[in-house]
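Q: this one's sequence-less:
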């Protein structure tokens with residue numbers, strides 16, 4: 001019954017938000033309360049999971065969201081994204097979604113997914129008109145989604161990739177050799193297919209953007225008070241104005257690489273912690289703007305950032321609450337009991353089974369990494385008897401774990417609010433793009449099985 005009640009809760013939340021236009025925070029909390037009570041967690045237990053899940057997500061991403069949004073507000077006041085988009089428009093133009101998908105999937109997997117979306121979203125919003133005034137933002141949103149999660153599951157040192165490889169006893173180097181081409185191809189092919197889908201009237205501005213946002217020149221802008229512009233700072237070289245983003249990325253990537261290679265020095269681990277790295281980026285951005293504007297001007301710039309941060313934190317936290325209630329319901333154990341890997345299954349069936357288990361677990365639990373880790377835990381005890389190279393099963397799990405990010409994921413709500421999308425708009429971009437990516441990557445895994453069998 002846990003599976004039935006979880007399905008009811010998820011569907012109810014979607015219907016409340018989309019059909020009845022009820023605020024996501026209220027809708028998600030209704031789903032949490034129903035699921036907790038229906039699965040026997042009791043009133044006290046349900047409240048404990050709601051508050052505990054909220055607090056756990058805030059501990060993980062609260063500061064990342066706050067620092068990232070404030071950095072974005074300060075960079076916007078310096079005209080950084082505007083100038084960067086102008087350069088990209090000249091050099092990349094309408095190919096920007098492909099460049100973004102490729103970069104996120106191959107270069108940035110060392111950066112946690114929440115950090116990636118916080119830093120990439122402002123540039124996507126700013127560059128949308130240069131890509132396509134009608135569908136530029138949804139196309140970039142889909143490219144961001146598949147790029148981030150292709151890298152997350154297929155490319156070491158993506159967190160899910162490292163976890164899957166470890167649980168399946170696959171050497172990281174071996175996983176990397178197979179994962180990089182699959183991750184890159186998945187990101188680029190999905191971006192092409194998603195563009196074809198958008199060209200057929202799939203996107204509707206009136207329902208798919210947040211209704212509290214107005215469109216200006218093809219991109220969304222919040223209806224908030226204009227913030228001061230740091231005019232003197234706009235004359236700084238663009239690379240200098242990008243330091244608040246570049247410095248955190250370098251620090252985080254350095255620490256991640258050091259962890260993979262061996263024990264990282266304490267100072268590298270400290271500075272490379274995502275919270276500390278983004279705080280350093282925030283300090284750099286703050287002092288750049290403070291040198292130009294007075295205290296009141298800087299306060300107005302930051303105030304606009306705080307205005308956005310509050311909404312993102314609340315809806316993201318409640319998304320974490322739903323995930324916690326689902327986890328406490330025993331959903332993962334029930335799903336594990338439904339599946340058993342057959343040691344006599346042919347290669348194709350083994351790959352499909354691994355993909356399906358990971359897809360169902362992710363869809364139900366709401367976490368790509370948890371879905372992948374749970375699937376690996378189910379299959380790893382018998383992987384040696386399947387007659388399939390373990391790296392192939394690991395890649396099949398990674399492929400399935402991408403499938404259909406939706407409302408029970410806190411990332412879904414970060415993505416939605418950072419890109420000014422409605423819930424329907426996020427389902428049509430993030431959910432659909434990751435689903436396409438999961439399907440696209442499956443035949444690539446089958447191809448990898450042939451390569452592995454021949455070597």
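A: Perfect, I can see it now. Everything numeric here is computed off the predicted structure, so don't read it as measured data. Residues are numbered from 1 along each chain as shown.
Q: residue 52 against residue 324, yeah?
A: Yes: the pair residue 52 / residue 324 is scored as a contact, 5.8 Å apart, by C-beta atoms under 8 Å. (C-beta placed from N, C-alpha, C; glycine too.)
Q: looking at these two, which has the bigger crowd around it?
A: A side-by-side neighbour count of residue 52 and residue 324, using other C-beta atoms under 10 Å, places residue 324 first with 23 against 15.
Q: mind listing what residue 401 touches?
A: Residue 401 is in contact with 153, 160, 164, 358-359, 361-362, 368-369, 371-372, 375, 438, counting by C-beta atoms under 8 Å, 6 or more residues apart in numbering.
Q: for residue 439, which residues are in contact?
A: residue 403.
Q: and the helix or strand hosting it, which residues are buried?
A: Using DSSP states H and E, the element containing residue 439 is helix 432-454. Neighbour-count burial for helix 432-454 flags 432-442, 444-446, 448-449, 452 (criterion: 16 or more other C-beta atoms under 10 Å).
Q: then stretch 276-287?
A: Buried residues in stretch 276-287 (16+ other C-beta under 10 Å): 276-282, 284-286.
Q: narrow the residues you listed to those in helices?
A: 276-282, 284-286 (DSSP state H).
Q: helices of the stretch 251-400 of the chain, residue ranges please.
A: 266-272, 274-290, 295-328, 331-338, 347-365, 368-379, 390-401 (DSSP state H, counting those that start in this stretch).
Q: so which of those is nearest residue 21?
A: helix 295-328 (15.2 Å; C-beta to C-beta).
Q: please identify the buried residues of that closest one?
A: Buried-residue list, helix 295-328, by 16+ other C-beta under 10 Å: 297-298, 300-302, 304-305, 308-309, 311-328.
Q: pLDDT on it, on average?
A: Mean pLDDT, computed over helix 295-328, is 80.
Q: surely residue 114 touches residue 66?
A: No: contact criterion C-beta under 8 Å: residue 114 and residue 66 do not qualify, at 11.7 Å.
Q: mind putting the contacts of residue 401 into JSON lines with pLDDT and distance to residue 251?
A: Putting those into JSON lines (pLDDT from 0 to 100; distance: C-beta to C-beta, whole Å) gives the following:
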{"residue": "153", "pLDDT": "95", "distance to residue 251": "24"}
{"residue": "160", "pLDDT": "87", "distance to residue 251": "22"}
{"residue": "164", "pLDDT": "87", "distance to residue 251": "26"}
{"residue": "358", "pLDDT": "90", "distance to residue 251": "32"}
{"residue": "359", "pLDDT": "92", "distance to residue 251": "34"}
{"residue": "361", "pLDDT": "80", "distance to residue 251": "33"}
{"residue": "362", "pLDDT": "87", "distance to residue 251": "30"}
{"residue": "368", "pLDDT": "87", "distance to residue 251": "24"}
{"residue": "369", "pLDDT": "81", "distance to residue 251": "22"}
{"residue": "371", "pLDDT": "80", "distance to residue 251": "29"}
{"residue": "372", "pLDDT": "86", "distance to residue 251": "27"}
{"residue": "375", "pLDDT": "81", "distance to residue 251": "32"}
{"residue": "438", "pLDDT": "97", "distance to residue 251": "32"}
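Q: for these, pick the one with the most neighbours.
A: For the contacts of residue 401, neighbours tallied by other C-beta under 10 Å; top is residue 153, 36 neighbours.
Q: element containing it?
A: helix 136-154.
Q: which is the next helix or strand following that helix?
A: Taking DSSP H and E as the definition, the helix or strand right after helix 136-154 is helix 159-167.
Q: so which elements touch that following helix?
A: helix 136-154, helix 172-197, helix 368-379, helix 390-401 (3 or more C-beta pairs under 8 Å, 6 or more residues apart in numbering; DSSP states H and E).
Q: and the longest one with helix 432-454, angle?
A: Okay, so that is helix 172-197. Going by axes from the mean of the first three to the mean of the last three C-alpha atoms, to 10 degrees, helix 172-197 is angled at 140 degrees with respect to helix 432-454.
Q: now what about the helix or strand that helix 172-197 is followed by, what contacts it?
A: Note on helix 172-197: by DSSP H and E, the next helix or strand toward the C-terminus is helix 205-208. By C-beta under 8 Å, 6+ apart, the surrounding residues in contact with helix 205-208 are 138, 215, 421-422, 424-425, 428.
Q: who wins on neighbours among the residues you listed?
A: Busiest of those [other C-beta under 10 Å] is residue 138, holding 29 neighbours.
Q: once you drop chain neighbours, what's closest to it?
A: residue 203 (4.8 Å; C-beta to C-beta, 6 or more residues apart in numbering).
Q: what's the separation between that neighbour and residue 123?
A: 20 Å (C-beta to C-beta, to the nearest Å).
Q: right, and residue 364 touches residue 326 too?
A: Yes: Residue 364 is in contact with residue 326 according to C-beta under 8 Å; the separation is 6.8 Å.
Q: tell me where the model's unsure across the stretch 51-200 of the chain.
A: 81, 85, 89, 110-111, 157 (pLDDT under 70).
Q: that older thread, pick out whichever of the buried residues of stretch 276-287 sits closest to residue 416.
A: Of those, the one sitting nearest to residue 416 (C-beta to C-beta) turns out to be residue 278, at 20.8 Å.
Q: so the closest residue in space to the closest one that isn't next to it in sequence is in which element?
A: Of all residues not flanking residue 278 in the chain, residue 67 sits nearest, at 3.9 Å (C-beta to C-beta, 6+ apart). Secondary structure from DSSP H and E places residue 67 in helix 63-77.
Q: now the angle from the following helix or strand past that helix to helix 274-290?
A: Using DSSP H and E, the helix or strand that follows helix 63-77 towards the C-terminus is helix 80-91. Interaxial angle, helix 80-91 versus helix 274-290 (the same axes, to 10 degrees): 100 degrees.
Q: doesn't residue 127 make contact with residue 82?
A: No: contact criterion C-beta under 8 Å: residue 82 and residue 127 do not qualify, at 9.4 Å.
Q: neighbour count: the two, which is higher?
A: For residue 82 and residue 127, the more surrounded residue by other C-beta under 10 Å is residue 127, and the numbers stand at 24 against 13.
Q: look up how far residue 290 lies from residue 12.
A: 47 Å.
Q: how about residue 355?
A: The value you get for residue 355 to residue 290, if C-beta to C-beta is used, is 51 Å.
Q: those two: which has the busier surroundings?
A: residue 355 (27 against 16).
Q: in contact with that one, which residues?
A: Counted by C-beta under 8 Å, 6+ apart, residue 355 has contacts 396-397, 399-400, 438, 442, 445.
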